[in-house]
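**Student:** what follows is a protein structure lacking sequence information:
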Ligand SMILES: [Zn+2]
């Protein structure tokens, strides 16, 4: 993609938008390396991988590159214990200080050439003050600077920021393409993983590496093969929250939502998006249940998902969801 050869070099800011897990981050890193490369490969228009610039980029210490991510993500990447009692909790936002800290870098010339690249991800993690500080820079962009903004929630960004970026929209790859990519990475369970992640191969690979296919499979079993007892269902879910490498509450709620999505989708279109391997069970439940009740609870859960990161009482929250889920999928009386 020859983004940088249009009139007068690369745009000052490129917004890489699209669903999570389709490769935006990998593309952004490759683009950053390409922009800084001293002898890019002309035919493929990619970084050479051999020059000094490419080597220090790969080693993670290129002086003309900045990677701006939330503090909490940085700690996770470094494997620091997040439960260090008295330590202040790392922010999951990108804060104004992080954007202000870029100013010297942005307004001074580059070290190795005049090009500087800043990768901000996820861009929607910038809080309001940070985004406004970025907007100030983008309003009078210094030459030779290219911002790469990666987001899977483009609408959360200020329209004024969006309008100053060239947007590249990423879609989901086709199933065959995604399967082939996962097979190339040595992944044997491509289909169920893709089903669970809504067809996004990079998320699928990440879930597999965390060994979570089994967790999700048990979640699927709990959703489609339960005895109709909400307390038992909530207990089963609770065990997944407590287990090491288990689910976060938001992920658990999202999984319940995916089940409702597939039940309604099966009745409306005959298609399943997340639980294709359980088509028989989904079909049996969907045939007896009331589609509008399923959709109604699906929409309610959208709101519950916002509370899910910090419910006052997690167990009560689970009991409530389990009870309502069972009611939504119960055979209709008509
Ligand atoms: Zn190079």
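**Tutor:** Received it, and whenever you're ready, just let me know what you need. Values in this document were obtained by computation on a predicted structure and should not be read as measured data.
**Student:** flag every residue of the stretch 1-150 of the chain that's near the ion.
**Tutor:** Counting by CB under 5 Å from the ion, the stretch 1-150 of the chain comes close to the ion at 37, 47-48, 51, 54. (C-beta placed from N, C-alpha, C; glycine too.)
**Student:** let's see which of the residues you listed end up in strands.
**Tutor:** Secondary structure assignment by DSSP state E places none of these in strands.
**Student:** of all those residues, which two lie farthest apart?
**Tutor:** Greatest spatial distance in these: 47 and 51, 8.1 Å, computed using CB to CB.
**Student:** which residues in the stretch 51-200 of the chain form strands?
**Tutor:** With DSSP state E, counting those that start in this stretch, the ranges of strands along the stretch 51-200 of the chain come out as 65-68, 116-120, 145-151, 166-169.
**Student:** list the buried residues in the last one.
**Tutor:** Right, strand 166-169. The neighbour-count check on strand 166-169 (16 or more other CB atoms under 10 Å) flags residue 168 as buried.
**Student:** which other helices and strands contact it?
**Tutor:** Using 3 or more CB pairs under 8 Å, 6 or more residues apart in numbering; DSSP states H and E, the elements in contact with strand 166-169 are strand 13-17.
**Student:** the strand it packs on: how far from the chain's middle?
**Tutor:** Computed by CA atoms, centre = their mean, to the nearest Å, the chain-centroid distance of strand 13-17 equals 15 Å.
**Student:** what's the answer for stretch 260-269, then?
**Tutor:** That offset, for stretch 260-269, works out to 24 Å (CA atoms, centre = their mean).
**Student:** and the nearest residue to residue 324 once chain neighbours are set aside, what element?
**Tutor:** What sits nearest to residue 324 in space, not counting adjacent residues and going by CB to CB, 6 or more residues apart in numbering, is residue 297, at 5.8 Å. Residue 297 is part of helix 291-307, with elements assigned from DSSP states H and E.
**Student:** for that helix, packing partners?
**Tutor:** Helix 291-307 sits against helix 249-269, helix 314-329, with contacts defined as 3+ CB pairs under 8 Å, 6+ apart.
**Student:** okay, residue 47 and residue 51: which has more neighbours?
**Tutor:** Neighbours were counted for residue 47 and for residue 51 using other CB atoms under 10 Å; residue 47 has more, 24 against 16.
**Student:** and the gap between the more buried one and residue 62?
**Tutor:** Distance, residue 47 to residue 62, by CB to CB, to the nearest Å: 11 Å.
**Student:** list residues touching both of these two?
**Tutor:** Taking CB atoms under 8 Å, 6 or more residues apart in numbering as the criterion, residue 47 and residue 62 both touch residue 36.
**Student:** what comes up buried for stretch 102-121?
**Tutor:** By neighbour count on 16+ other CB under 10 Å, the buried set for stretch 102-121 is 102, 105-106, 110, 115-121.
**Student:** between these, which is nearest the ion?
**Tutor:** Of all the buried residues of stretch 102-121, the ion sits closest to residue 115, with 12.2 Å by CB to the ion.
**Student:** look up how far residue 103 lies from that closest one.
**Tutor:** Here the criterion is CB to CB. By it, residue 115 lies 17 Å from residue 103.
**Student:** also residue 161?
**Tutor:** In this structure, residue 161 and residue 103 are separated by 17 Å, where distance is defined by CB to CB.
**Student:** then residue 38?
**Tutor:** Using CB to CB, residue 38 is found at 26 Å from residue 103.
**Student:** now mean neighbour count too, for the helices and strands packed on helix 291-307, in JSON lines please.
**Tutor:** Below are these laid out as JSON lines (neighbours: other CB atoms under 10 Å):
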{"stretch": "helix 249-269", "mean neighbour count": "20"}
{"stretch": "helix 314-329", "mean neighbour count": "18"}
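**Student:** any chance of CSV for these, columns mean pLDDT and distance to the ion?
**Tutor:** Below are the helices and strands packed on helix 291-307 laid out as CSV (pLDDT from 0 to 100; distance: least, CB to the ion, whole Å):
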stretch, mean pLDDT, distance to the ion
helix 249-269, 92, 39
helix 314-329, 95, 50
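**Student:** format those as CSV; extra columns: distance to residue 98.
**Tutor:** As requested, the helices and strands packed on helix 291-307 are exported to CSV (distance: least, CB to CB, whole Å):
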stretch, distance to residue 98
helix 249-269, 24
helix 314-329, 31
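**Student:** tell me the contacts of residue 187?
**Tutor:** Residue 187 makes contact with 193, 204-205, 208, according to CB under 8 Å, 6+ apart.
**Student:** quick one: which two of those residues are the most distant?
**Tutor:** 193 and 205 (7.6 Å).
**Student:** which residues do these two both contact?
**Tutor:** Here residue 193 and residue 205 have 182, 187 as joint contacts, going by CB under 8 Å, 6+ apart.
**Student:** show me the shaky parts of the chain.
**Tutor:** Under the criterion pLDDT under 70, the flagged ranges of the chain are 1-10, 79-88, 110-112, 333-334.
**Student:** that'll do, ta.
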